[in-house]
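Colleague: give me coordinates for this.
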Amino acid sequence: MYVHSTEEDSTTHYSALDQMTDNSFQVLEHHSKDSFMLTLASGILSDEQFYIILLFIHYTSQLINNCAIIANSLSIAVFVKLGFSEPSNISLTALAICDFTLAVLLTWNNLCIWLTYHNVRLPFHSANVYFLTGGFQWAFLSTTVAWITAFISFERCLCILVPLKVRRLITPRSTFVAMLIIILLTFCPSFFTYIRYKLVWEFNPYLNITILNTIPVNSEFAILFEKIYIVICGVIQPLLAFSIVLICTVLLVVQLRKMSSWRMSVTSAKNQRVQSDEIPASSSSAAKARISQKEERLVRMVVAIATIFIVSYIPTCIVALCDVVFDEFHLFGVYRKLFMVSGSIITLGQPISGSVNILIYYKMASKFRSVFRRLVRLDRQEPERHELE
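Modeller: Numbering: from 1, shown residues only. Model prediction:
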C-alpha cells in the first residue's frame, strides 16, 4: 500500500495490489458469472478494512513463526546429536528442516506485508515480489511437509503390521533417498511458477520511480501449463498426502488399542507364571512387554504429530479446492482479497504444527528429552548417541 497525496486528501491509501491490477480487475468483473463470490471479493471489505485484517493475521502469524523457528532449530540440533542410525531420526529431521524453512518464508511474507502497509518506499513491490520469491515456495514446501508426515505415518503402520519385512526395506539409506524424492517431486515444481509469472522493472506513476514488480505471462502455453501443474502439485498432491495421513492415523489408533490390550494380557499372564514359579517364561514375557511399550510410545508420538498436522492442514485443503472450483481465485483475479485473506489464515496452521512438534518429542521420546535437556544446560550428564525411542 502506497501513499498518494492530493489536494483533497493527503493520506489517501492505495492498495499496492490494486495499482497493478486495476484495469484487469475491471475486465474480470464484467466477465464474472458468480455474483455471490464477486460481492464477497469486492463489496464487503474496504481496502482499509482488508489490510487491517491482513495485518492482524500476519502479526499473529509472526509471533507463532518466532516460536517455530526456535523450536525447529532446537529439534534439528537434538536430532543431529542423536545421530541417524535409525530411519525415524532421518524423517523427523527432514520434517523439522522443512518446518523451519516454512517459518522463515512466512517471516519474509509478513515483512513484505508490513512494508507495504506502512508505505516503506523500496526499489521493489514488496507484496508482489514476495508472491514470486516466497509465496509459491511456501505453498509447495507445505506439500513437502504433508508428504513427509504421510511417509512417517505410513512407515509406522508398516512397522506394526509387517515388522519383519519392513525392517529390511526401511533403512537409513532408503529413508534418506525417500526424503530426497519427496522434496524433488513436491518442492522443486515451485520453480515452474517462473513460466507463468516473471519479475520485471516497471514505472510506478504513484511513486514516480521504476521498481521491481511481478507480472503474469499471458501466453496460452503459460496459462495452460499453470493450470496443469497447479492441479497436480497444488491440489492432487496435498489432498492425496492428507488422505494418507488420515487413513494411517486411524489405523495407528486402532493398533494402539490392540497393543494396549495385548500388553495387559501379557502382564496378567506374567503374574500367573510368577505365582506358579515359572521364572524363564515370566522373564520372556516381561521382555516382550518392554518391547511393546517402547513401540507404543513411538506410535503414540507419530499419532500425535499426524493429528496436529491433520487439524492444521484442513484449511489448506479447502483453499486448494477453491483454487480449482473458482478460476478467478488467485492473486490477479476478481477474488484476490479472499485469496489473500484465506491464504494468510492457512499460514497460521503450519507454524503452530511446527512449534508443537518439539513438545511431542520431549514428552514421548526419552532419548530426545535427555539430549534436549543437555543441550539447553538443564542436565550435566553427557547423553550417549542413540536412536530415537
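Colleague: contacts and neighbour counts: CA atoms only from here.
Modeller: Fine.
Colleague: can you pull out the strands in the stretch 1-150 of the chain?
Modeller: Secondary structure of the stretch 1-150 of the chain (DSSP state E, counting those that start in this stretch): strands located at 2-3, 13-14.
Colleague: so where do the strands sit in the stretch 251-389 of the chain?
Modeller: Counting by DSSP E, counting those that start in this stretch, the stretch 251-389 of the chain contains no strands.
Colleague: sketch out the low-pLDDT regions of the stretch 201-350 of the chain for me.
Modeller: Scanning the stretch 201-350 of the chain for pLDDT under 70 picks out 259-260, 262-264, 266-295, 324, 327-335.
Colleague: quick one on the thing from earlier: looking at the strands of the stretch 1-150 of the chain, which has the lowest confidence?
Modeller: Lowest mean pLDDT of these: strand 2-3, a mean of 33.
Colleague: pLDDT averaged over stretch 173-181 - what is it?
Modeller: 93.
Colleague: how far off centre is it?
Modeller: In terms of C-alpha atoms, centre = their mean, to the nearest Å, the centre of stretch 173-181 is found 19 Å from the chain centre.
Colleague: and if you look at stretch 216-234?
Modeller: Taking mean C-alpha positions (C-alpha atoms, centre = their mean), stretch 216-234 and its chain are 23 Å apart.
Colleague: how about it: buried residues?
Modeller: 222, 226, 229-230, 233-234 (16 or more other C-alpha atoms under 10 Å).
Colleague: redo those as a markdown table? Include distance to residue 320 and secondary structure.
Modeller: Listed next are those as a markdown table, based on distance: C-alpha to C-alpha, whole Å; DSSP: H, G, I helix; E, B strand; the rest coil:
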| residue | distance to residue 320 | secondary structure |
| --- | --- | --- |
| 222 | 20 | helix |
| 226 | 14 | helix |
| 229 | 13 | helix |
| 230 | 9 | helix |
| 233 | 10 | helix |
| 234 | 7 | helix |
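Colleague: pretty sure residue 213 is in a helix, no?
Modeller: No - under DSSP: H, G, I helix; E, B strand; the rest coil, residue 213 sits outside any helix and is assigned strand.
Colleague: next one: it from residue 316, what distance?
Modeller: From residue 213 over to residue 316 the distance is 27 Å, taken as C-alpha to C-alpha, to the nearest Å.
Colleague: again, but for residue 109
Modeller: When residue 109 is compared with residue 316 (using C-alpha to C-alpha), they lie 17 Å apart.
Colleague: cool, residue 100 as well?
Modeller: 18 Å.
Colleague: so who does residue 309 touch?
Modeller: Shown in contact with residue 309 (C-alpha atoms under 8 Å, 6 or more residues apart in numbering): 146, 149, 350, 353.
Colleague: most surrounded residue in these?
Modeller: Using other C-alpha atoms under 10 Å as the neighbour test, the contacts of residue 309 are led by residue 146, with 28 neighbours.
Colleague: for the closest residue to that residue other than its chain neighbours, give its distance to residue 337.
Modeller: Sequence neighbours aside, residue 241 is the residue nearest to residue 146 in space, at 5.7 Å (criterion: C-alpha to C-alpha, 6 or more residues apart in numbering). For residue 241, the distance to residue 337 (C-alpha to C-alpha) stands at 28 Å.
Colleague: looking at those two, which is more packed in?
Modeller: residue 337 (24 against 20).
Colleague: surely that one and residue 49 touch.
Modeller: No - counting by C-alpha atoms under 8 Å, residue 337 does not reach residue 49; the two are 10.9 Å apart.
Colleague: give me the common contacts of the two.
Modeller: If you check residue 337 and residue 49 against C-alpha under 8 Å, 6+ apart, no residue is contacted by both.
Colleague: hmm, back to that, helix or strand for the residue nearest to residue 146, which one?
Modeller: helix 237-275 (DSSP states H and E).
Colleague: contacting residues around the residue nearest the centre of the chain?
Modeller: The residue lying closest to the centre of the chain (C-alpha atoms, centre = their mean) is residue 142, at 3.6 Å. Neighbouring residues of residue 142 by C-alpha under 8 Å, 6+ apart: 102, 350.
Colleague: that one and residue 252: what is the separation?
Modeller: From residue 142 over to residue 252 (counting by C-alpha to C-alpha), the distance is 23 Å.
Colleague: among the contacts of residue 309, which lie within helices?
Modeller: Secondary structure from DSSP state H places 146, 149, 350, 353 of the contacts of residue 309 in helices.
Colleague: separation between the first one and residue 97?
Modeller: The one in question is residue 146. Using C-alpha to C-alpha, residue 146 is found at 13 Å from residue 97.
Colleague: and the third one, by the same measure?
Modeller: Taking C-alpha to C-alpha as the criterion, residue 350 is separated from residue 97 by 13 Å.
Colleague: next: the second one.
Modeller: Separation of residue 149 from residue 97 (C-alpha to C-alpha): 13 Å.
Colleague: residue 199 in helix, strand or coil?
Modeller: Relying on three-state DSSP, one would call residue 199 strand.
Colleague: burial measure for the closest residue in space to residue 343 that isn't next to it in sequence, as a count.
Modeller: Once flanking residues are discounted, residue 343 sits nearest to residue 319: 7.5 Å by C-alpha to C-alpha, 6+ apart. Using other C-alpha under 10 Å, residue 319 has 18 neighbouring residues.
Colleague: so residue 319 sits right up against residue 342, yeah?
Modeller: Yes - counting by C-alpha under 8 Å, residue 319 does reach residue 342; the two are 7.1 Å apart.
Colleague: which pair in the contacts of residue 309 spans the largest distance?
Modeller: Farthest apart among the contacts of residue 309 by C-alpha to C-alpha are 149 and 350. That separation is 12.4 Å.
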